[in-house]
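Student: sequence unknown, structure follows:
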């Protein structure tokens, strides 16, 4: 998995030590985490200085990753959509703090116990509008695109969007916030969302290959996505474009990330003429009550600006901004430091890609912070190297690796209970019930006071036909948590009292 192509767009700004470290490390990480391909770009002083593709866009055909290979970038779609929204704000066509309902005719925020007039573009952009949580999966590429209003009313199977909390009271990450904004863009512009974004944002930024929806048939090819077992997945259509449907190349996404930053010579302002620098500064400012509730794998709990995650004082007192993107078979990340103009873009075509991203992000953060002590390095999901070891040799190498890393690399990995639990369920869904039992046993050994670990172990024993051990595990779970109704019901079905 050697490098496919390197481009140094501005050698004078390059830091060869970091480039060399990434160049050496990335092929090793691809093998270590069973990731077929990756693309990495570096930004310095507001300019893209280095881009490289590694490994395979498609393993079967040995097609290499290049800076022009297309990837689905998941929720980074939201950041691009936010640029579209803020362009309408700048041109006076959308009020950032006006009720978004006043711009809509094809759908309205449903009546509830909360004030729909407080649902504004600012709050939708920062996930503080009180909108119900919705994630969006992929669909058959042959299926026509659904309308935004069909998605919002639940006709596409994702559930009707509701107002479930007081707008402005807190953060609730939901793709539905951006679906509402997608509808607003369509209604205000009178154009399909993807066409308007292509004209008003992507073309103006020189993003020639980027589009919402699947790539154009006559354009650069999309990489093949792969699951955690290195098996190819179908390239799905993400119907909910603004939240999850963006396809982009490293070349385009690096340019987009750099466009939020001033360049070294101040010849190009932040926003590159598409948005004003003051607008970008506003987008990079945490919104009120926007601290994430969910755990973030790439560092301390971030806050949310307008389309960007924001980590104040992350780099020796300087703010970091960015966004992650995750869909089945895809993991990507953009991150930048507005004060210095530094940035990094990482794209992968694997469900295991978050581990590679975390490792490279640590390398970049240390370089960007100019001191290892000032950098917050993300932890790596321990299930990913275990899954790679399992893929290469089965359950015993995976367990041996876990035990080794618990001694040799305890600070580098996420050892939380859900890591082994989710790995066990992955194996169970893949048909390896004995392997799943071993993983759940390992989790119970590591966390003997966690009731949910024993609940999962009981489920695996039952699936394996070992009734006696299933009963024992479920009883242990109920003893640790007397309110575990699932465990009580499982015991009843097994014909055993708690």
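Tutor: Everything's here; your move. Here the structure is a predicted model, which is why all the values come from computation and not from measurement.
Student: now the end-to-end length of stretch 84-102.
Tutor: Chord length of stretch 84-102, first to last residue, is 18 Å (Cα to Cα, to the nearest Å).
Student: Can you pull out the residues in contact with it?
Tutor: Outside stretch 84-102, the residues that touch it by Cβ atoms under 8 Å, 6 or more residues apart in numbering are 103, 108-109, 116-122, 124-125, 180-181, 184-185, 188-189, 196-197, 200-201, 274-276, 279, 283, 306-307. In short, each C-beta sits where N, CA and C put it, glycine included.
Student: Could you rerun that using 7 Å?
Tutor: With contact meaning Cβ atoms under 7 Å, 6 or more residues apart in numbering, stretch 84-102 is reached by 103, 108-109, 116-117, 119-122, 124-125, 180-181, 184-185, 188, 197, 200-201, 274-276, 279, 283, 306.
Student: Could you give me the buried positions within it?
Tutor: For stretch 84-102, burial by neighbour count (16 or more other Cβ atoms under 10 Å) applies to 84, 85, 86, 87, 88, 89, 90, 94, 96, 99, 100, 101.
Student: Next step: these restricted to helices.
Tutor: 84, 85, 86, 87, 88, 89, 90 (DSSP state H).
Student: In a markdown table: these, plus pLDDT and distance to residue 173.
Tutor: Output for those, formatted as a markdown table (pLDDT from 0 to 100; distance: Cβ to Cβ, whole Å):
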| residue | pLDDT | distance to residue 173 |
| --- | --- | --- |
| 84 | 98 | 19 |
| 85 | 98 | 17 |
| 86 | 98 | 19 |
| 87 | 98 | 23 |
| 88 | 98 | 23 |
| 89 | 98 | 22 |
| 90 | 97 | 25 |
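Student: Show me which of these is closest to residue 224.
Tutor: Distances from residue 224 to these, taken as Cβ to Cβ, are shortest for residue 84 (28.9 Å).
Student: Could you check which helix or strand contains residue 460?
Tutor: helix 451-464 (DSSP states H and E).
Student: What is that helix packed up against?
Tutor: Judged by 3 or more Cβ pairs under 7 Å, 6 or more residues apart in numbering; DSSP states H and E, helix 451-464 is in contact with helix 417-429, helix 433-446, helix 467-480, helix 485-493.
Student: Which neighbouring elements make contact with the first one?
Tutor: I take that to be helix 417-429. By 3+ Cβ pairs under 7 Å, 6+ apart, helix 417-429 packs against helix 383-393, helix 433-446, helix 451-464.
Student: which outside residues touch it?
Tutor: Helix 417-429 has contacts (Cβ under 7 Å, 6+ apart) with 228, 381-383, 386-387, 435-436, 439-440, 442-443, 447, 450, 452-453, 456, 460, 463.
Student: Would you check how far apart residue 93 and residue 84 are?
Tutor: 11 Å (Cβ to Cβ, to the nearest Å).
Student: re earlier: confidence-wise, which of the helices and strands packed on helix 417-429 is weakest overall?
Tutor: Ranked on mean pLDDT, the bottom entry among these is helix 383-393, at a mean of 93.
Student: Quick one: distance of the helix or strand following that one to the chain centre.
Tutor: Next along the chain after helix 383-393, taking DSSP H and E as the criterion, comes helix 395-408. Relative to its chain's centre, helix 395-408 lies at 27 Å (Cα atoms, centre = their mean, to the nearest Å).
Student: Likewise for stretch 70-82?
Tutor: For stretch 70-82, the distance to the chain centre is 9 Å (Cα atoms, centre = their mean).
Student: how long is that stretch end to end?
Tutor: 21 Å.
Student: So the most centrally placed residue in the chain, which state does it fall into?
Tutor: Closest to where the C-alpha atoms of the chain average out (Cα atoms, centre = their mean) is residue 325, at 2.8 Å. Secondary structure assignment for residue 325 (DSSP: H, G, I helix; E, B strand; the rest coil): strand.
Student: In space, what's closest to it - neighbours in sequence excluded?
Tutor: residue 74 (3.0 Å; Cβ to Cβ, 6 or more residues apart in numbering).
Student: Next: residue 344.
Tutor: For residue 344, ignoring the flanking residues on the chain, the nearest one in space by Cβ to Cβ, 6+ apart is residue 364 at 4.6 Å.
Student: how far away is the one you found from residue 343?
Tutor: For residue 364 relative to residue 343 (Cβ to Cβ), the value is 9 Å.
Student: These two: which is more packed in?
Tutor: residue 343 (29 against 20; other Cβ atoms under 10 Å).
Student: Wait, that one touches residue 45, no?
Tutor: No. Judged on Cβ atoms under 7 Å, residue 343 makes no contact with residue 45 at a distance of 9.9 Å.
Student: so where does residue 344 fall, helix or strand?
Tutor: Going by DSSP H and E, residue 344 is in strand 342-348.
Student: Give me the nearest residue to residue 390, chain neighbours excluded.
Tutor: residue 398 (4.1 Å).
Student: Over to residue 497?
Tutor: Nearest non-adjacent residue to residue 497 (Cβ to Cβ, 6+ apart): residue 491, at 6.8 Å.
Student: Repeat that for residue 289.
Tutor: Nearest non-adjacent residue to residue 289, counting by Cβ to Cβ, 6+ apart: residue 170, 5.1 Å away.
Student: ok so, going back, so how far is the strand holding residue 344 off the chain centroid?
Tutor: The answer for strand 342-348 is 13 Å, by Cα atoms, centre = their mean.
Student: so what's residue 433 up against?
Tutor: Contacts here follow Cβ under 7 Å, 6+ apart; on that basis residue 433 touches 460, 463, 464.
Student: what residue ranges in the stretch 201-350 of the chain score low on pLDDT?
Tutor: Across the stretch 201-350 of the chain, residues meeting the criterion (pLDDT under 70) sit at 264-267, 292-301, 316.
Student: residues of stretch 203-210 that come out buried?
Tutor: Buried, per 16+ other Cβ under 10 Å, within stretch 203-210: 204, 205, 207, 209, 210.
Student: coming back round to it: can you confirm the residue nearest to residue 289 is in a helix?
Tutor: No. Residue 170: not assigned to a helix; according to three-state DSSP it is coil.
Student: returning to that earlier point: mind putting the buried residues of stretch 203-210 into a markdown table with secondary structure and distance to residue 483?
Tutor: Formatted as a markdown table, these follow (DSSP: H, G, I helix; E, B strand; the rest coil; distance: Cβ to Cβ, whole Å):
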| residue | secondary structure | distance to residue 483 |
| --- | --- | --- |
| 204 | coil | 56 |
| 205 | coil | 53 |
| 207 | coil | 52 |
| 209 | coil | 53 |
| 210 | coil | 49 |
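Student: Pull the most distant pair out of the residues you listed.
Tutor: 204 and 209 (14.8 Å).
Student: How is the chain divided into domains?
Tutor: Annotated domains of the chain cover 3-77+209-374, 94-194, 382-493 [automatic domain parsing].
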